[in-house]
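Asks: kindly generate the corresponding structure for this input.
(one chain, ligands or ions: 2)
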Amino acid sequence: MILAPSILSADFTRMGEEIEMLNRSEADWIHIDVMDGVFVPNITIGIPVVKALNPLAEKPLDVHLMIVEPEKYIADFADAGADNLLVQYEACRHLNRTLQEIRQRGMKAGVVLNPHTSVSLLENVVEYVDIVLIMSVNPGFGGQKFIENSYRKIEELAIMKQRLNPDLIIEVDGGVTLENASALMAAGANALVAGNAIFSASDVIARIAEFKKLQ
Ligand code: DX5
Ligand code: ZN
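Replies: Ligands and ions are numbered 1, 2, ... in the order given. Sure, this is the predicted structure:
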C-alpha cells in the first residue's frame, strides 16, 4: 500500500519540520492539495510553497490540483518539483492532451474524479494515466466524512484496470481512516491519502506505521 499523508492537515507554521518528520516515517508520498477558490470553495497552497518544500522532501510529491485550467501550470509544477501531477476530470476540456503534457514533463499523470463523476467516463483515457484518484469527499477541506458509495467506484475502476491498464495506481482521498483503510484496499485501492487521520495523532510517525501495518 502506498500511503500519502496530506499536509493540508499539518501545522503550517512549521511545515519544514513536518516534512522532515514525514521523511523519517514510513510514508511513501507527500500529498499536497493545491486549491484556487474557483474550482473548490477554498484557497490553499500554490507553486512557491511546493518549490520551497521540494528540497526538504525525501519522498515523491503527490500534487493534487483542485484548480480550473490546470493545463496552464504543468510546466510550473514540474519545475517546482512535483513528481505526480493530478488534475480534476471536471476541470479539463482536453484531458488526453493535458495528461500527455504531464508525462512529457517527466511526471506521473493522474486524473481525479469528484464524488458525482462516474468511473465509466475514464474508458477512453485510462490507458494514458498512471494514477486515478477517487475523491471520497467533496474536495475543498480536510476532516470531512467519507462518502460510502466510493467503494463501488473503486471496485468498478479495479475491473477497468484489469482490462485496460494493469499498472494503474488507484488512489483514494478524503475521510480515509485506520477503520476504513483495509476495506478500501480490499475494494482495489493501492494508494491512500490521509490528512486528519494522520496529523490529529499525538505521534504522527507511529500513526503512519499503524496504517502501513494494515493489509
Ligand atoms: C480534500 C483534499 C484532501 C484532504 C484529505 O479536498 O483533497 O487531500 O487533505 O483530508 P482528510 O484525510 O482529512 O479527509
Ligand atoms: Zn487531495
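
Asks: where in the protein is pLDDT low?
Replies: Along the chain, no part satisfies pLDDT under 70.

Asks: buried residues, stretch 20-33. List them.
Replies: 21-22, 25, 27-33 (16 or more other C-beta atoms under 10 Å). The C-beta positions use only the backbone N, C-alpha and C, and glycine is treated the same way.

Asks: setting aside sequence neighbours, what's the nearest residue to residue 94?
Replies: residue 71 (7.3 Å; C-beta to C-beta, 6 or more residues apart in numbering).

Asks: for residue 199, same thing?
Replies: Spatial nearest neighbour of residue 199, excluding adjacent residues (C-beta to C-beta, 6+ apart): residue 9 at 3.9 Å.

Asks: so residue 109: helix, strand or coil?
Replies: strand (DSSP: H, G, I helix; E, B strand; the rest coil).

Asks: before we move on, what about residue 76?
Replies: Taking three-state DSSP, the label given to residue 76 is helix.

Asks: which ones are touching it?
Replies: residue 47 (C-beta atoms under 8 Å, 6 or more residues apart in numbering).

Asks: I'd like the distance between it and ligand 1.
Replies: 20 Å (C-beta to the nearest ligand atom, to the nearest Å).

Asks: 8 is where my numbering starts, stick with that
Replies: All right, first residue 8 from here; so that's residue 83.

Asks: where does the residue nearest to residue 101 land in three-state SS?
Replies: Applying three-state DSSP: residue 78 is helix.

Asks: Provide a list of residues in contact with it.
Replies: Counting by C-beta under 8 Å, 6+ apart, residue 78 has contacts 94, 99, 101, 104-105, 108.

Asks: any idea which of those residues is the one closest to ligand 2?
Replies: Comparing the contacts of residue 78 against ligand 2 with C-beta to the ion places residue 94 closest, at 12.0 Å.

Asks: wait, does stretch 68-78 make contact with ligand 1?
Replies: Yes. Against ligand 1, stretch 68-78 shows contacts by C-beta under 6 Å from any ligand atom at residue 71.

Asks: what are the buried residues along that stretch?
Replies: For stretch 68-78, by 16+ other C-beta under 10 Å, it's 68-74, 77-78.

Asks: so residue 109 touches residue 116, yeah?
Replies: Yes. In this structure, residue 109 is within contact of residue 116 by C-beta atoms under 8 Å, at 4.0 Å.

Asks: got the residues of the chain near ligand 2?
Replies: 40, 71, 180 (C-beta under 5 Å from the ion).

Asks: hmm, residue 38 and the second one touching each other?
Replies: So the one you mean is residue 71. Yes. Using C-beta under 8 Å, residue 71 is in contact with residue 38, at 6.4 Å.

Asks: name the residues contacting each of those two.
Replies: Common contact partners of residue 71 and residue 38 (C-beta under 8 Å, 6+ apart): 180, 200.
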